[in-house]
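Peer 1: A predicted structure for the sequence below; I have some questions about it.
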Amino acid sequence: MKAELDLVRNIGFIAHIDAGKTTTTERVLFYSGRTYKIGEVHEGTTITDWMKQEKERGITITSAATYCKWRDCQINIIDTPGHIDFTVEVERSLKVLDGVVVIFCSIGGVEPQSETVWHQADKYQVPRIAFINKMDRKGVDFSALLDDMRQKLQIIIAPLQIPIYENDEFKGIIDLIAGKAIYYEGEIGENVVIKDIPDNLKNSALSNKDYLIEKLAELDDLFMHKVIEGQEISAEEIVSTVRKYVIMNKFVPVLCGSALKNKGIQQLLDAICDYLPSPSQSNEIKGIEPRTKAERVVQISTSAPFCGLCFKVFTDPFVGKLFYTRIYSGKIAASSSIYNVTKEEKEKVTKILRMHANKQEIINEAKAGDIVCLVGLKFTTTGDTLCKNKDSVLLEAIKFPEPVISLAIEPKTKADQEKLFVALGKLADEDPSFKVTYNTETGQNIISGMGQLHLEVMVARLIDEFKVEARVGTPQVTYKETITRKVEAVGKFIQQTGGRGQYGHVILLMEPQAKGKGIVFESKIKSGAIPKEYIPAVKEGVREACESGILGGYPVVDIKISLIDGSYHDVDSSELSFKVAGEMAVKDGLKKAGPIALEPIMNLEVSSPTEYISQVIGDLNARRAKISAVGEKKNLNIVKADIPLGEVFNYADVLRNLTQGRASYTIEPSFYEKVPDELLTRILGI
């Protein structure tokens with residue numbers, strides 16, 4: 001059965017927005033025979049961009065799963081969004097993929113979101129190959145693109161192909177390993193024609209092949225010996241060595257083509273089969289045994305017990321909830337019972353679906369290496385481990401970024417009230433970066449997400465898919481609070497009511513933590529000043545108090561809170577009294593510890609024609625931006641800056657007006673920083 005697993009590839013396409021992921025996916029499906037017509041993004045006819053919002057906006061919003069066959073391989077594909085607002089889709093896809101194709105635009109090169117998704121792949125140690133798309137564009141400098149990748153991505157790369165141009169028109173590619181020129185003929189490039197390398201490109205092909213062999217020799221001693229001894233190296237040896245170091249995450253081969261012009265896709269499919277790992281060759285899948293907490297490696301085999309990870313939940317209007325699941329080991333049949341190890345609940349699988357974007361194929365069984373949708377689960381949410389029984393293994397959950405922007409939302413009519421509540425719950429189940437809360441002070445429902453576009457799409461989905469009419473307020477920044485100095489805080493909750501009273505007394509030490517540390521609670525009680533059974537209640541009170549600070553009621557972050565002393569009463573003390581005492585102590589400490597408000601700072605990169613750059617910089621300065629660099633790339637000026645999120649809500653319109661629509665920008669969350677005092681006064685209305 002291992003041989004069957006070796007012929008499976010679980011891959012994804014990741015890239016900066018508009019690099020051509022969806023267009024590439026369409027060609028892959030067409031040339032592999034999975035579809036019989038090529039869909040186009042600009043026409044809204046692609047397979048994987050099937051949602052109404054995706055068709056209207058011409059961008060990918062939700063990751064779509066599909067599959068195809070090429071040569072002997074079954075290729076399971078996830079097409080991911082490129083926009084930073086939907087980065088959660090990339091995050092959860094990378095968690096379950098064995099390899100990825102990173103797509104770069106031939107003009108943009110390594111763009112900001114290219115680096116972001118590259119680092120996400122680094123985080124999950126996912127092997128990758130690079131595909132430089134849009135080689136048909138005017139002014140492409142292939143060598144400069146490779147230099148840009150080497151400099152920014154900090155990994156050994158080498159091209160396996162170089163482009164062929166005739167009269168500045170992109171005609172095909174040279175396969176450096178085979179030593180042949182490849183042209184694409186026919187109306188849609190379906191006929192791959194192999195010829196000898198043109199005379200004017202022979203030297204370039206030879207030097208690039210030598211460079212490839214040199215880079216492989218740096219990694220492989222056996223290869224190095226052959227080079228030194230002048231032995232001939234076969235194409236098969238090069239392919240196997242490239243594969244070896246791609247899987248080890250030490251080397252990235254670079255391919256090129258033009259998905260829109262139907263060139264280079266067949267060779268990309270070959271490379272996916274040749275270089276990316278099968279499930280049995282991918283990274284070890286580790287978890288812990290639920291009872292002993294001992295680390296355990298999951299055996300990647302169809303004969304091992306069933307184990308899978310639910311990485312996405314999606315609500316289908318006809319089927320109900322679909323649970324996208326990567327199966328790591330064993331088999332699962334429809335109508336079988338499984339166990340949710342995360343929730344400690346039994347689950348029943350009523351149906352198993354193989355997905356082709358939004359189209360479903362019912363199958364009777366799924367096995368190790370498959371990515372499928374399970375139907376019928378009641379308790380499962382994103383990131384849960386599904387196994388055969390409760391003593392199996394608990395896999396590491398997926399970590400998602402915190403939202404940075406919020407809107408108030410309310411139903412237009414009373415009839416929409418219940419529908420809104422249900423619809424928001426379903427959207428929150430689907431997208432862990434989308435949060436729904438209720439503000440008790442204002443009586444408003446608050447939705448929070450990764451950016452303005454993210455929330456716009458969610459509101460549009462409420463109207464289109466769930467038929468809920470709603471009103472939304474203006475965007476609100478998700479501020480946070482923290483402290484600036486170390487303090488001791490006391491909380492005493494004493495009530496006497498005639499009978500049994502309440503008595504809880506705690507002393508906390510509160511101190512600032514480094515950015516991103518969150519809330520750290522530690523008990524230093526050693527003398528029995530507080531019985532052990534009350535300490536979890538103190539911790540719960542501390543956590544709840546930190547959900548709402550004292551400046552503007554914002555969540556409190558980056559504080560270490562140590563329980564150092566206190567006292568109890570034999571009769572009157574209870575868990576409730578110590579929970580309340582913990583809350584009181586935190587509120588007391590926050591007042592004394594120099595509280596400050598924090599605002600989210602975004603990393604902004606603006607690409608603008610030179611004639612508008614002074615207006616762009618002037619506008620950024622007026623928005624409290626800290627400009628870190630101004631450079632040039634391809635006749636454009638590139639401005640990099642850190643800017644508060646609250647200053648960029650209307651930036652798209654302003655930039656369009658400043659530059660007559662000729663500039664573009666990318667933005668992503670970076671860090672939190674202290675809100676200036678004069679701004680805080682305005683925010684709090686004091």
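Peer 2: Arrived safely, thanks for sending. Residues are numbered from 1 along each chain as shown.
Peer 1: For Asp384, give me its contacts.
Peer 2: Leu309, Cys310, Asn340, Val341, Thr342, Lys343, Ala397 (CB atoms under 8 Å, 6 or more residues apart in numbering). Yep, even glycine has a C-beta here, placed from its N, CA and C like the rest.
Peer 1: which residue packs closest to it, ignoring adjacent ones?
Peer 2: Thr342 (4.1 Å; CB to CB, 6 or more residues apart in numbering).
Peer 1: Keeping just the C-alphas, turn stretch 337-347 into CSV.
Peer 2: Provided in CSV are the C-alpha atoms of stretch 337-347 (Å, rounded to 0.1, in the frame of the first residue of the first chain):
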residue,chain,number,x,y,z
SER,A,337,-18.2,6.2,14.3
ILE,A,338,-15.1,8.2,15.2
TYR,A,339,-13.8,10.1,18.2
ASN,A,340,-13.0,13.8,18.4
VAL,A,341,-10.0,13.7,20.7
THR,A,342,-9.9,17.5,21.1
LYS,A,343,-13.5,17.8,22.3
GLU,A,344,-13.6,14.3,23.9
GLU,A,345,-16.8,13.5,22.0
LYS,A,346,-18.0,10.6,19.9
GLU,A,347,-18.9,11.6,16.3
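Peer 1: how about the closest residue to Ile197 other than its chain neighbours, phi and psi?
Peer 2: Spatial nearest neighbour of Ile197, excluding adjacent residues (CB to CB, 6+ apart): Ala181 at 4.9 Å. Here is the backbone geometry of Ala181 (degrees, to the nearest 10): phi -90, psi 140.
Peer 1: Same question for Phe170.
Peer 2: The phi/psi pair for Phe170 (degrees, to the nearest 10) is phi -70, psi 120.
Peer 1: which residue packs closest to it, ignoring adjacent ones?
Peer 2: Nearest non-adjacent residue to Phe170, counting by CB to CB, 6+ apart: Asp136, 4.3 Å away.
Peer 1: From what I see, that neighbour and Ser258 are in contact.
Peer 2: Yes - applying CB atoms under 8 Å as the test, Asp136 and Ser258 come out as touching, 4.3 Å apart.
Peer 1: neighbour-wise, which of these two wins?
Peer 2: Between Asp136 and Ser258, counted using other CB atoms under 10 Å, Ser258 has the larger neighbour count: 26 against 18.
Peer 1: Just list the residues touching that one, thanks.
Peer 2: Contacts of Ser258 (CB under 8 Å, 6+ apart): Asn133, Lys134, Met135, Asp136, Phe170, Gly264.
Peer 1: contacting residues around the second one?
Peer 2: Looking back up the chat, that one is Lys134. Here Lys134 is in contact with Ala19, Gly20, Cys105, Ser106, Ile107, Val140, Ser258, Ala259, Leu260 (CB under 8 Å, 6+ apart).
Peer 1: Nearest spatial neighbour of it, chain-adjacent residues omitted?
Peer 2: Closest to Lys134 by CB to CB, 6+ apart is Ser106, at 4.5 Å.
Peer 1: from memory that neighbour sits against Arg137, does it?
Peer 2: Yes - look at Ser106 against Arg137 with CB under 8 Å: they come within range, at 5.4 Å.
Peer 1: Mind checking which of these two has more residues around it?
Peer 2: Ser106 (24 against 14).
Peer 1: Distance of that one relative to Ala663?
Peer 2: 20 Å (CB to CB, to the nearest Å).
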